[in-house]
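# give the three-dimensional model of this entry:
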Amino acid sequence: MLTHQDLLDAIPNCLDHTDFAGLGEKYEGKVRDVYGQNGRRILITTDRVSAFDRVLGLIPYKGQVLNQLSAWWFEQTADLARNHVIAVPDPNVTIAHEAQPLPVEIVVRGYITGVTKTSLWYLYEQGERRPYGIQLPDGLHKNDPLPEPIITPTTKATQGGHDERLTEAEILEQKLVGADLWEEVRETAVSLFKRGQQIAAQAGLILVDTKYEMGLVNGRLTLIDEIHTPDSSRYWLAETVENAVAGVPAAPPTKPENYDKEFMRQWYAAQGYRGDGTPPTMPPDLIAQIAARYLTTYEKLTGTVFTPGRLPAAERIWENLKG
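The predicted structure is shown next:
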């Protein structure tokens, strides 16, 4: 794995944005630049990282981790769901089918946790026993595992906005997704999550919750965007969860250790920042620590050592696109 100094040295060279003429119309998302061309999309992951729905900084190699780890996960789940990938020609680049996104995002949760006002734990703590229309038992504590994974769907957030809570009944009543298609979405999401939990457990991690984006390609349900990355999923280091649950008599309670971007969000929260106004500047040492967690998550899951690559020239991307 890259050393702490390697990561510090890489900070000035973070990939902030791209500008490739000839790759079609560009759309700049929170963490990637997307180009459209002839029914295909070129997804180029940058090192931009966001929390509280704002783009807050740059983390070295984050884009490559997201791109390569997501491609790896698509391979691990190919028997469960179709995905939009055509080719992953380079560490930062995915060529994908253009899809018609569903108007809902599917969040699957295996634990009751969170701090935002739409999180499962916050709602439960406020006395809601049917958040998102799902019946939960009394007696749960923060960070407890749920008896079975549950789906808490949301709308797709607008730029700078927040996801809105939805129930499955509202999805059907508002005809956001048809009943048959929604049943396929539910079954696919739960199957993917359980596969993710199994693989994470073998790597000493716990997949706590995750977000899936799905769409239609030629009328068929297809996974789009990324999957089971430290940006789209919450991971805990398993041994710290066991310590938190078992505890030590008279010792202060401990928290599960995050191996995802929640580590960064917790730092912002500790500085008193919740997403409004100008965020505090992350010191280089913290940036390197966050990068190390992204790389560690990649290496634990895939069992391979992360090797940095370079963003290719536009001509090389174009050749892959034509192929």
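# in the stretch 201-323 of the chain, which segments are predicted with low confidence?
Across the stretch 201-323 of the chain, the ranges flagged by pLDDT under 70 are 242-254, 312-315, 318-323.
# can you give me the helices for it?
Assignment of helices within the stretch 201-323 of the chain using DSSP state H, counting those that start in this stretch yields the ranges 238-246, 262-270, 284-302, 314-322.
# now for A288: which residues touch it?
H4, L7, L8, I11, P60 (C-beta atoms under 8 Å, 6 or more residues apart in numbering). Quick note: C-beta positions are derived from backbone N, CA and C, even for glycine.
# look up how far M1 lies from the nearest residue to it once chain neighbours are set aside.
Of all residues not flanking A288 in the chain, L7 sits nearest, at 4.0 Å (C-beta to C-beta, 6 or more residues apart in numbering). Distance, L7 to M1, using C-beta to C-beta, to the nearest Å: 10 Å.
# between the two, what contacts are shared?
A292.
# of those two, which one has the most company?
Between L7 and M1, counted using other C-beta atoms under 10 Å, L7 has the larger neighbour count: 23 against 12.
# okay, now the domains of the chain?
With domains defined by automatic domain parsing, the chain comprises 4-99+283-322, 101-243.
# from E184, how far out is the residue positioned nearest the centre of the chain?
Among the residues of the chain, the one closest to the centroid is S232, at 0.7 Å (C-alpha atoms, centre = their mean). Counting by C-beta to C-beta, the gap from S232 to E184 is 21 Å.
# cool, G22 as well?
In terms of C-beta to C-beta, G22 sits 38 Å off from E184.
# quick one, which of the two is more surrounded?
E184 (15 against 11).
# you'd agree the more buried one is up against L216?
No: E184 sits out of contact with L216 when judged by C-beta atoms under 8 Å, with a separation of 10.9 Å.
# can you point me to the longest strand in this protein?
Taking DSSP state E as the criterion, the chain has its longest strand at strand 205-217.
# and that one, what does it pack onto?
With contacts taken as 3 or more C-beta pairs under 8 Å, 6 or more residues apart in numbering; DSSP states H and E, strand 205-217 sits against strand 100-101, strand 104-112, helix 179-202, strand 220-224, strand 233-237, helix 238-246, helix 284-302.
# so it versus strand 104-112, what angle?
170 degrees (axes from the mean of the first three to the mean of the last three C-alpha atoms, to 10 degrees).
# in TSV, list the domains of the chain along with distance to Q266.
Listed next are those as TSV, based on distance: least, C-beta to C-beta, whole Å:
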stretch	distance to Q266
domain 4-99+283-322	9
domain 101-243	9
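# those: which one's closest to Y268?
Y268 lies closest, by C-beta to C-beta, to one member of the domains of the chain: domain 4-99+283-322, at 6.0 Å.
# so T229 touches S70, yeah?
Yes: T229 is in contact with S70 according to C-beta under 8 Å; the separation is 5.4 Å.
# tell me which of those two has more neighbours.
Taking other C-beta under 10 Å, T229 and S70 do not tie; T229 has more neighbours (27 against 23).
# gap between the more buried one and W73?
According to C-beta to C-beta, T229 stands 8 Å off from W73.
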